[in-house]
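> Pasting the sequence and the predicted coordinates here, then a few questions.
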Amino acid sequence: MSAPLSSSRRGFLRNSALGGAFLLGMSAEGVLAAAAGAAPAGPAAPDFVPNAFIRIARDGRVTLISKQPEIGQGIKTSLPMVIAEELDVDWKDVRIVQGDLDPAYGSQGAGGSTSTPTNYNDFRRLGATVRAMLVQAASQAWKAPAGECATAGGFVVHTPTKRRLGYGALAEAAGKLPVPAADQVVLKDPAAFKLLGKRIGGVDNAAIVSGKPLFGIDVQIPGMLYAVYAKCPVFGGKALRANLDAIRAMPGVKDAFIVEGAGVLNALRPGVAIVANSTWNAMRARRALEVEWDEGPGAGHSWADFTAQAKAAGSKPGALTQRKDGDVAAALKGAAKTVEAAYSYPFISHASMEPQNCTAWFKEDGSLELWAPTQNPGAGQALVTSLFNIPKEKITLHIIRSGGGFGRRLSSDFIVEATAIAQKVKAPVKLTWTREDDLQHDHFRPGGFHFLRGGVDAAGKAVAWHNHFVTFANRIERDGQSVLQPGSGGNLSGDEFPGRWLPNVQLEQTALECRVPMGPWRAPGSCVFAWVFHSFIDELAHAGGRDPLEFRLELLGDKDVVPGTGERGQPYSVARMKSVLMTAADKAGWGKKKFPRGQGQGIAFHFSHRGYVAQVAEVTVSRDGKLKVDRVVVATDIGAQIVNLSGAENQVEGSVIDGLSTLMFPELNIDKGRIVQSNFHDYQLLRMPDAPAKIEVHFVKSDYPVTGLGEPALPPLAPAVCNAIFAATGKRVRELPLSKTDLSWT
């Protein structure tokens, strides 16, 4: 993830062009000049193109570039809203265009809920600077002080005389102006925002509901061929030989060949490519494909064996100590009550609605054009350059809307597979994965095992916490050495709550080596750690005879910020967390209802990706163990401004549903080195009848920088629901998915 963009004015405005057009672009260092935005030589361009992101037509219509990949998180709508707000244009006059990968735009990845925090302030200044130039152009035309001019809905208004000039009419004059001084570029008072904080529908909504082509899987290029790519069902295996002649002889098949792959983790895996004149013919030929695979050492993997290894490792000291404060053994020995528990969760898939795909076209001049639904286009381009020795200047990458990502499309394996096939075929080729490919060759969320011990004193106060985390790691080469690298989200930080909040803490980690490919899954680490930590915190609260809310507030303490803690070095604000925790409890009526047996409330919170979120779940569990989540109340603090209220509500509600789905159903079994599940018939996800009957979303505004929301609201859902299940039935859920636990009660 990129660091926040530079906020200095020098970095923002340097290298601005003089003459016919004013240029501002983005780079990884901040908002910079972009030559691509310059007006051509000769007569003035018909439109005003002040920077790489804004085009103002003579009729006042505004085109804004959305530079981040759209994967369903709504960023294609929300970030242009920030520019439009400061530019002061009417949203109905704005057209949004997805930008291709371009250095002028700066960082273009979408992951880690970083798109909003890394762009918000700079995009405000970008719009405000252009607005200031338009005001200056109008003041010169009227020979009136700029201070007498205001803007509204794409017009500059001379306040004393009510004269108006549209932005389009001011384009040529504004383009000749120098960059305004700092005191001429004034950001709006948020209290005066007309657009931000409102409910704005997604710019692609109409096209989506009417089935228009938007996604990578919809790409069509004249003369395009269609490809599938079969990989060894065992991770790390490769093809030795296949019935290629028979496949090439099938109807519509243009070619079939073995790809050797590359020795880069999660990159170009070996396989067999089939290229045909239609997706149907390619997939039909694949069903006739016969391959002799060298399965390699991965064929010995099984989930049963991993579980046995984890239990054996969990009974011994951890291989790596992430934190050790006080004397845990002595604290546990002196505790009034102690609790021991083992929590576990399986590998799972991202299961995006749109399977992985990419269209690639090698051209005669040695250039490469790509159409990819990717979350990380820059990394994809870099991997292509590395593996195929193609200079990045000769790679054009079109960022196509993704039908879901959740971290899966941060990887670029599908891009390099399409590139390898296109390089061989010398024609535009669209590679499409099957659902089985997508499920069985994912970069999975790592499974994990937590062996916990905790203690409370006679007053019910937590005094000790010990967590031995057994995770999974791939062996890689780094700096000439072979090392084990835990899967994304498979590292237990010493800063994780409640580590620094207790006097006696020991956090240990042991990694089991495997060949299972792993990658970031929505809210990496937090998506499972929150369930483990807040379920066990609940166990300690009940062991101490304490109210779970009161117990958590006591754990948090009164110190506003715990120095040096938090995710990725970010400070952890106790005050913000307590605020959302109390808000969620108040809105849910915590402690004010007496629930009958079979019904209950549960509470949890988590800090993730700069966001503070607390949730209260209310559930009903029938005597035969059927769960219904009746209500989920969410309180979240993501800073001083909600950009798009509709999009923000959608993200929180979607996180609750996604979190509940992941809690209840999905799991991947591994046997003989291969994933057993193959499609949605045996990899179940949440259906509408199982969704919460009611989701309430409350935003707690604070005087902190704006942050993202694609991930923070997911982690607290699972522990809140499981704690509510305990309140309703007295049964603890310590293994995921929830479907493995008998919830029946008498």
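Structure's in. What do you need?
> hang on, residue 703 packs against residue 640?
Yes - using C-beta atoms under 8 Å as the test, residue 703 is close enough to residue 640 to be in contact (5.7 Å). No exception for glycine: its C-beta is placed from N, CA and C like everyone else's.
> okay, these two: which has more neighbours?
Using other C-beta atoms under 10 Å as the criterion, residue 703 and residue 640 rank with residue 640 on top: 14 against 6.
> measure that one to residue 194 for me?
17 Å (C-beta to C-beta, to the nearest Å).
> now residue 399
29 Å.
> Tell me which of these two has more neighbours.
residue 399 (26 against 15).
> Bridged to the more buried one, which residues?
Beta-bridge pairing of residue 399 under DSSP bridges involves residue 372.
> show me the contacts for it.
Contacts for residue 399 (C-beta atoms under 8 Å, 6 or more residues apart in numbering) come out as 69, 98, 99, 100, 101, 108, 372, 373, 374, 377.
> What score does it have for pLDDT?
Residue 399 carries a pLDDT value of 98.
> next one: residue 478
Checking the pLDDT column for residue 478, the value is 86.
> Give me the neighbour count for it.
Close neighbours of residue 478, defined as other C-beta under 10 Å, add up to 8.
> Same question for the one 3 residues further on.
Residues within reach of residue 481, counting by other C-beta under 10 Å, total 7.
> For the protein, give me the ranges with low pLDDT.
1-46, 263-265, 561-570 (pLDDT under 70).
> Break it down into its structural domains.
9-196, 216-296+356-432, 303-348+444-740 (automatic domain parsing).
> For the longest one, measure first residue to last.
The straight-line separation of the ends of domain 303-348+444-740 (C-alpha to C-alpha, to the nearest Å) is 15 Å.
> could we number from 47 for the rest of this?
Sounds good: first residue 47 from here, last item domain 349-394+490-786.
> Wait, a strand at residue 109?
Yes - under DSSP: H, G, I helix; E, B strand; the rest coil, residue 109 falls within a strand.
> Just grab the bridge partners of it for me.
Counting by DSSP bridges, residue 109 forms beta bridges with residue 101, residue 141.
> wouldn't it be in contact with residue 100 here?
Yes - the pair residue 109 and residue 100 qualifies as a contact (C-beta under 8 Å) at a distance of 7.4 Å.
> The two: which has the busier surroundings?
residue 100 (26 against 17).
> can you point me to the longest helix in the chain?
Counting by DSSP state H, the longest helix found in the chain is helix 161-188.
> Who are the packing partners of it?
On a contact count with 3 or more C-beta pairs under 8 Å, 6 or more residues apart in numbering; DSSP states H and E, helix 161-188 meets helix 55-59, strand 76-78, strand 100-102, helix 121-133, strand 195-198, strand 201-204, strand 209-212, helix 217-221.
> Name the next helix or strand downstream of the last one, please.
When you say that, I think you mean helix 217-221. helix 251-255 (DSSP states H and E).
> pull the CA atoms of that next one into PDB?
The C-alpha trace of helix 251-255 is given here as PDB (Å, rounded to 0.1, in the frame of the first residue of the first chain):
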ATOM      1  CA  ASN A 251     -25.500   1.600 -11.400                       C
ATOM      2  CA  ALA A 252     -27.700   2.100 -14.400                       C
ATOM      3  CA  ALA A 253     -25.300   0.200 -16.600                       C
ATOM      4  CA  ILE A 254     -25.000  -2.600 -14.100                       C
ATOM      5  CA  VAL A 255     -28.800  -3.200 -13.600                       C
END
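> Contacts only, for residue 689.
Neighbouring residues of residue 689 by C-beta under 8 Å, 6+ apart: 124, 125, 127, 128, 162, 166, 242, 243, 752.
> Please settle this for me: is it part of a helix?
No - per three-state DSSP, residue 689 lies outside any helix segment and is coil.
> rewinding a little: rebuild the domains of the chain as CSV, extending it with distance to residue 256.
Listed next are the domains of the chain as CSV, based on distance: least, C-beta to C-beta, whole Å:
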stretch, distance to residue 256
domain 55-242, 17
domain 262-342+402-478, 13
domain 349-394+490-786, 19
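> between those, which gets nearest to residue 792?
Residue 792 sits nearest to domain 349-394+490-786 of all the domains of the chain, at 6.9 Å, using C-beta to C-beta.
> Off-centre distance for the closest one?
Distance of domain 349-394+490-786 from its chain centroid, counting by C-alpha atoms, centre = their mean, to the nearest Å, is 18 Å.
> quick one: secondary structure of residue 431?
Three-state call for residue 431 (three-state DSSP): helix.
> so how many other residues sit close to it?
With other C-beta under 10 Å as criterion, residue 431 counts 16.
> Please look at it and residue 439 and confirm they touch.
No - applying C-beta under 8 Å as the test, residue 431 and residue 439 come out as separate, 9.5 Å apart.
> about what we covered before: only the buried residues of the longest helix of the chain, if you could.
Going by neighbour count (16 or more other C-beta atoms under 10 Å), the buried part of helix 161-188 is 161-185, 188.
> Show the contacting residues for residue 712.
So residue 712 contacts 394, 395, 397, 729, 730, 731, 783 (C-beta under 8 Å, 6+ apart).
> Identify the residues contacting stretch 178-192?
Contacts for stretch 178-192 (C-beta under 8 Å, 6+ apart): 68, 96, 194-195, 197, 202, 204, 206-207, 209, 211, 213, 216, 219-220, 223, 225-226, 230-232.
> before we move on, the earlier item: so which of the contacts of residue 689 comes closest to residue 303?
Taking C-beta to C-beta as the measure, residue 125 is the one of the contacts of residue 689 closest to residue 303, at 42.0 Å.
> Secondary structure element holding the most centrally placed residue in the chain?
The residue lying closest to the centre of the chain (C-alpha atoms, centre = their mean) is residue 157, at 3.9 Å. In the assignment (DSSP H and E), residue 157 maps to no helix and no strand.
> I'd assumed residue 453 was in contact with it.
Yes - in this structure, residue 157 is within contact of residue 453 by C-beta under 8 Å, at 6.3 Å.
> what's the overlap in contacts for those two?
421, 566.
> on that earlier part again, check contacts around the residue nearest to the centre of the chain.
Applying C-beta under 8 Å, 6+ apart to residue 157 gives the contacts 47, 421, 422, 451, 453, 456, 566.
> how about a cut-off of 7 Å?
Taking C-beta atoms under 7 Å, 6 or more residues apart in numbering as the criterion, residue 157 is in contact with 47, 421, 422, 453, 456, 566.
> Isn't the last one up against residue 457?
Translated: residue 566. No - using C-beta atoms under 7 Å, residue 566 is not in contact with residue 457, being 8.5 Å away.
> Tabulate the contacts of residue 157 (TSV), appending distance to residue 645 and neighbour count.
Output for the contacts of residue 157, formatted as TSV (distance: C-beta to C-beta, whole Å; neighbours: other C-beta atoms under 10 Å):
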residue	distance to residue 645	neighbour count
47	41	14
421	40	28
422	44	23
453	35	27
456	40	25
566	36	24
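> now, which of those sits nearest residue 767?
Taking C-beta to C-beta as the measure, residue 453 is the one of these closest to residue 767, at 22.3 Å.
> What separation do you get for that closest one and residue 503?
The value you get for residue 453 to residue 503, if C-beta to C-beta is used, is 41 Å.
> Next: residue 577.
In this view, residue 577 and residue 503 are 26 Å apart by C-beta to C-beta.
> Over to residue 291?
Residue 291 is 76 Å from residue 503, by C-beta to C-beta.
> How about residue 195?
68 Å.
> Look at the two and report which has more neighbours.
Of the pair residue 195 and residue 503, residue 195 is the one with more neighbours under other C-beta under 10 Å, namely 21 against 15.
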